[in-house]
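>>> After the sequence you'll find the predicted model.
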Amino acid sequence: MSLTTTPRPGDIPATGHPPTPSAPAGLDHCPFWPTYGPPVVQFVRGDGTELWDSAGKRYLDFLSGLAVVSLGHAHPEVAAALADQAATLLHVSNLFATVPGAEVALTLDRLAGGGGQVFFCNSGAEANEAAIKLARRWGGYGRHVVVSAYGSFHGRTLATLHATGQPAKHEAFQPLPEGFRHAAWNDLDALEAAIDPTVAAILLESVQGEGGVNPADVEFFRGARALCDERQLLMIVDEVQTGLGRTGQWFGYQHYDVQPDVVTMAKALGNGVPIGACWAKREVAAAMRPGDHATTFGGQPLAAAAARVVLAVMEREDVPSRATRAGALLSAKLEQLPQVATVRGLGLLLAAELVPGLDAKVVADAALAAGLVVNAVTANSLRFAPPLLVSDAELDEGVAILAAVLAQAEETQHATPGSADA
Ligand code: PLP
């Protein structure tokens with residue numbers, strides 16, 4: 001019997017990556033779903049900002065595994081804490097108390113503003129799922145809608161996909177869970193217009209990361225808080241990419257002098273060990289009852305031990321200040337490159353908009369070949385999110401690699417008949 005299905009009316013044609021990515025080195029076929037593009041490099045080792053591939057070639061990592069390894073690769077204190085925890089207690093389930101989780105929750109509560117409680121999970125999407133379920137429980141029957149912004153990114157589970165304000169990503173997976181609505185980014189009138197009595201919460205990033213590294217305007221973000229107060233809605237801030245020092249504050253919302261009701265985080269919390277968290281004001285978290293939400297691995301000792309040491313090193317190193325300083329330096333260096341039109345972002349979460357005619361994906365690929373890891377966050381802009389402990393010398397070296405790559409890309413563009421400037 002053939003498993004091939006005949007197309008049906010309304011079927012959405014498959015789009016995106018080729019169905020069969022090329023096999024990783026040493027394998028004769030690809031063992032993975034074709035959800036990611038074909039891997040071009042196989043990394044085998046890292047140290048701080050440096051990475052090495054299976055051929056022994058060295059790279060500078062200015063992406064940190066998508067803003068995850070904020071303390072750099074193979075941080076010795078993180079490695080030691082993991083080894084120690086693995087040899088002590090790995091998992092007992094949330095039916096029992098363990099040591100590191102409570103310590104991490106207390107530290108996160110202090111950094112997030114105090115007066116709250118934490119739910120641990122395993123990823124950014126799960127942290128947002130927890131926030132969405134909390135908003136529904138808090139809002140009560142009939143008051144369940146979450147309003148988020150166009151251009152946002154909140155995850156890939158069905159609910160967080162619908163919260164994600166990128167309709168093109170929704171199409172293949174309809175019908176999505178009900179209860180989501182989007183308003184234009186940085187448009188307070190549009191946000192206000194999206195609110196009706198069914199709305200329980202507004203969900204925003206402080207800087208839209210995947211959407212292109214676009215910081216919220218001050219009036220918009222503060223206005224959103226005021227709207228939440230006025231209409232008695234929860235303000236949920238998604239700090240999955242921006243949280244834990246990356247933008248120059250512990251959380252991006254702290255740039256705006258705004259205190260959310262709920263904050264989600266993940267990426268940098270485990271420096272590569274999967275862990276997410278949803279912080280909520282105590283009186284909001286109180287809407288949840290035993291049995292309302294759970295996850296087997298959430299806050300388990302290994303992940304919590306990673307988060308505990310990560311937060312201790314982050315506080316000792318004062319990573320927000322380091323991100324502010326290094327971010328200003330990197331931004332100034334990028335602005336000097338003739339092929340960079342503008343630089344935007346906060347702290348060490350930056351995007352360089354390239355001059356017209358340069359394709360950011362082509363440039364990112366060329367940078368990788370030249371030993372610098374960055375990514376194309378939009379068709380015309382490159383994202384930079386190096387480890388927060390990056391040295392000035394590494395910033396110099398990375399920008400020098402990029403300068404050479406951009407000069408070459410511009411030359412190729414001029415030499416290509418029919419190109420924008422030809
Ligand atoms: N929220 C934001 C702002 C993100 O940037 C991401 C991932 O890039 C997510 C949520 C989803 O996180 P995860 O991939 O860990 O599920």
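The structure has been received and is ready for your questions.

>>> Right, and the ligand sits closest to which residue of the stretch 251-400 of the chain?
Distances between the stretch 251-400 of the chain and the ligand by CB to the nearest ligand atom are smallest at residue 266, namely 4.8 Å. Where you see a C-beta, it was placed from the backbone N, CA and C, and this is true even at glycine.

>>> and that residue, what is it in contact with?
121, 123, 124, 126, 127, 240, 243, 274, 275, 276, 277 (CB atoms under 8 Å, 6 or more residues apart in numbering).

>>> Keep only the residues you listed that also lie close to the ligand.
123, 124, 240 (CB under 6 Å from any ligand atom).

>>> What distance do you get for the closest residue to the last one other than its chain neighbours to residue 387?
It stands for residue 240. Counting by CB to CB, 6 or more residues apart in numbering, residue 240 lies nearest to residue 124, which is 3.5 Å off, once chain neighbours are set aside. According to CB to CB, to the nearest Å, residue 124 stands 19 Å off from residue 387.

>>> Those two: which is more packed in?
Neighbours were counted for residue 124 and for residue 387 using other CB atoms under 10 Å; residue 387 has more, 31 against 27.

>>> dump the residue contacts of the more buried one.
Contact analysis of residue 387 by CB under 8 Å, 6+ apart lists 48, 49, 61, 64, 69, 70, 71, 72, 73.

>>> so of those residues, which ones are in strands?
If you go by DSSP state E, the contacts of residue 387 have residue 61 in strands.

>>> The contacts of residue 387 in helices, which ones?
Taking DSSP state H as the definition of helices, the contacts of residue 387 contribute residue 64.

>>> Make a ChimeraX selection of the buried ones in the contacts of residue 387.
Buried members of those can be picked out in ChimeraX with the line below, counting by 16 or more other CB atoms under 10 Å:
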select :48,49,61,64,69,70,71,72,73
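
>>> between the contacts of residue 387, which is closest to the ligand?
residue 64 (12.1 Å).

>>> For stretch 208-221, the averaged confidence score.
Averaged over stretch 208-221, pLDDT sits at 98.

>>> which outside residues touch it?
Stretch 208-221 is contacted from outside by 67, 149, 151-153, 165-166, 185-188, 191, 204-207, 240-242, 252-253, 255-256, 258, 344-346, 349-351, 377-378, 381, 383, using CB under 8 Å, 6+ apart.

>>> Go again with 6 Å.
Contacts to stretch 208-221, defined as CB atoms under 6 Å, 6 or more residues apart in numbering, come from residues 151-153, 186, 188, 206-207, 241, 256, 258, 344-346, 351, 377-378, 383.

>>> and the ligand, which of those residues reach it?
153, 241.

>>> could the contacts of residue 266 be laid out in a markdown table, adding pLDDT and secondary structure?
Converted to a markdown table, these look like this (pLDDT from 0 to 100; DSSP: H, G, I helix; E, B strand; the rest coil):
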| residue | pLDDT | secondary structure |
| --- | --- | --- |
| 121 | 98 | strand |
| 123 | 98 | coil |
| 124 | 98 | helix |
| 126 | 98 | helix |
| 127 | 99 | helix |
| 240 | 98 | coil |
| 243 | 98 | coil |
| 274 | 98 | coil |
| 275 | 98 | coil |
| 276 | 98 | strand |
| 277 | 99 | strand |
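
>>> re earlier: surely the residue nearest to residue 240 touches residue 239?
No: if you go by CB atoms under 6 Å, residue 124 and residue 239 don't touch, sitting 9.3 Å apart.

>>> if I look at residue 328, how far off is residue 398?
For residue 328, the distance to residue 398 equals 15 Å [CB to CB].

>>> Looking at those two, which is more packed in?
Between residue 328 and residue 398, residue 398 has the larger neighbour count (other CB under 10 Å), namely 26 against 13.

>>> where along the stretch 101-250 of the chain do the helices fall?
124-139, 158-163, 167-170, 188-193, 218-231 (DSSP state H, counting those that start in this stretch).

>>> Show the end-to-end separation of stretch 163-174, please.
13 Å (CA to CA, to the nearest Å).

>>> Quick one: distance of it to the chain centre.
With CA atoms, centre = their mean, to the nearest Å as the basis, stretch 163-174 stands 18 Å off its chain's centre.

>>> again with stretch 164-182
19 Å.

>>> quick one, what contacts residue 267?
Contacts of residue 267 (CB under 6 Å, 6+ apart): 67, 68, 240, 241.

>>> Contact residues of the stretch 301-422 of the chain facing the ligand?
Counting by CB under 6 Å from any ligand atom, the stretch 301-422 of the chain has no residue next to the ligand.

>>> where along the stretch 301-422 of the chain do the strands fall?
340-346, 349-354, 372-373, 375-376, 381-384 (DSSP state E, counting those that start in this stretch).

>>> From start to finish, how long is stretch 212-225 in a straight line?
Using CA to CA, one end of stretch 212-225 lies 23 Å from the other.

>>> Tell me the buried residues in that stretch?
In stretch 212-225, counting by 16+ other CB under 10 Å, buried: 212, 213, 214, 215, 216, 220, 221, 223, 224, 225.

>>> any residue of that stretch up close to the ligand?
No: counting by CB under 6 Å from any ligand atom, the ligand is not contacted by stretch 212-225; separation bottoms out at 10.6 Å.

>>> Any idea how far that stretch is from the middle of the chain?
The answer for stretch 212-225 is 17 Å, by CA atoms, centre = their mean.

>>> Tell me if I'm right that residue 349 and residue 385 touch.
Yes: shown here, residue 349 and residue 385 form a contact pair, counting by CB under 6 Å, at 5.4 Å.

>>> Between those two, which has more neighbouring residues?
residue 385 (32 against 25).

>>> Which one of the residues in this structure is closest to the ligand?
Nearest residue of the chain to the ligand, counting by CB to the nearest ligand atom: residue 124, 2.2 Å away.

>>> so who does that residue touch?
Residue 124 neighbours (CB under 6 Å, 6+ apart): 155, 240, 266, 276.

>>> Now with 7 Å, please.
Contact analysis of residue 124 by CB atoms under 7 Å, 6 or more residues apart in numbering lists 155, 240, 264, 266, 267, 276.

>>> Dihedrals phi and psi, the fifth one?
Right, the one you point to is residue 267. Backbone torsions for residue 267, taken as degrees, to the nearest 10, come to phi -20, psi -70.

>>> which non-adjacent residue is nearest it?
residue 68 (4.6 Å).

>>> my read: the one you found touches residue 268, true?
Yes: with contact defined as CB atoms under 7 Å, residue 68 reaches residue 268; the gap is 6.1 Å.

>>> Perfect, I'm done here.
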